[in-house]
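Q: Sharing a model that was predicted from the sequence below.
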Amino acid sequence: MEYKLVNENKLKIILTNEDMALLDITFEEMDYNEDMTTKRILWEILDNAKHQIGFDISSEKVFVKAYPDKDGGCFMYVTKETQNQKSGGNSYHPYTYEKKYKSKLYTGIKKKRVLYMFDNSEILFEACFQLNLAGYTGKSDLYAGNNKYFLYIDDNREQSLELLSEYGTLINNPFFSFYLDEHTKKIISSDAVKVFSGIFNK
């Protein structure tokens, strides 16, 4: 997740496909005007932006435009109502939200992913070793921070995934991506299960 301050009244928010999966939402499902889940996610994102870069909308009316990205993520522009707009008598909702579709090429496909936490590298290695032994081939990323390891992995309905619960703890929190962004570092991308299981198996 990335924040780019365009100016004092406009913020660009970039959500990758991984961010969308962690938040458990797709571009097609996002509807701030009707859906409470979208509202809650947007509030969390903007609250995080306030603490990270000081973009505060607590006392402002804002206009949000969302666009799909070709990698399955999306980007949003959050614009505060300016003084000229206020004096002009605009009467839009405090959180007016609009989606823009560029083309069918940019339609995001939801890829279900799950996140597991492990207490140490030995337990993580055993989990990865067993998954690799079972022939798991899905995408997996590995994060580390605060003496914990986090395996972010495609849920491709393989039966072998059930063994992860024997080694780690399932993190069932769509906002945990904020924690990963601020307190962990990605140490292996895309093929963490295979790579990590081979580190100590040579």
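A: Ah, there it is.
Q: quick check: domain ranges of this protein?
A: Here the domain parsing of the chain from automatic domain parsing is 2-106, 113-199.
Q: can you redo those as a markdown table with mean pLDDT and mean neighbour count?
A: Yep, even glycine has a C-beta here, placed from its N, CA and C like the rest. Putting the domains of the chain into a markdown table (pLDDT from 0 to 100; neighbours: other C-beta atoms under 10 Å) gives the following:
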| stretch | mean pLDDT | mean neighbour count |
| --- | --- | --- |
| domain 2-106 | 73 | 16 |
| domain 113-199 | 86 | 17 |
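Q: which residues of the protein fall in strands?
A: With DSSP state E as the criterion, the chain has strands at 2-7, 10-15, 62-68, 74-80, 95-99, 113-118, 140-145, 148-154, 169-170, 185-188.
Q: can you redo those as TSV with distance to L46?
A: As requested, the strands of the chain are exported to TSV (distance: least, C-beta to C-beta, whole Å):
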stretch	distance to L46
strand 2-7	10
strand 10-15	8
strand 62-68	8
strand 74-80	7
strand 95-99	10
strand 113-118	23
strand 140-145	24
strand 148-154	24
strand 169-170	27
strand 185-188	24
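Q: for those strands, which one sits closest to D31?
A: Closest to D31 of the strands of the chain, according to C-beta to C-beta: strand 95-99, at 7.4 Å.
Q: Distance of V64 relative to F176?
A: 23 Å (C-beta to C-beta, to the nearest Å).
Q: Could you do L163 as well?
A: Distance, L163 to F176, using C-beta to C-beta: 22 Å.
Q: what does G198 give?
A: Per C-beta to C-beta, G198 is found 27 Å from F176.
Q: again, but for E126
A: 23 Å.
Q: Contacts only, for the closest residue to S177 other than its chain neighbours.
A: Leaving aside its sequence neighbours, S177 sits nearest to L22 (C-beta to C-beta, 6 or more residues apart in numbering; 3.9 Å). Going by C-beta atoms under 8 Å, 6 or more residues apart in numbering, L22 touches 113, 115, 152, 174, 176-177, 180.
Q: T37 too?
A: Applying C-beta under 8 Å, 6+ apart, the residues contacting T37 are 25, 29.
Q: returning to that earlier point: now compare the contacts of L22 and name the two farthest from each other.
A: Using C-beta to C-beta, these span at most 13.0 Å, a distance reached by Y152 and P174.
Q: Surely F129 touches I199?
A: No: using C-beta atoms under 8 Å, F129 makes no contact with I199, being 9.9 Å away.
Q: How much space separates the residue nearest to N132 when sequence neighbours are not counted from E28?
A: Leaving out its chain neighbours, the residue that sits closest to N132 by C-beta to C-beta, 6+ apart is S197, at 4.2 Å. Here the distance between S197 and E28 works out to 35 Å (C-beta to C-beta).
Q: which other residues reach stretch 164-174?
A: Residues contacting stretch 164-174 (C-beta under 8 Å, 6+ apart): 22-25, 41, 114-118, 123-124, 126-127, 130-131, 150-151, 153.
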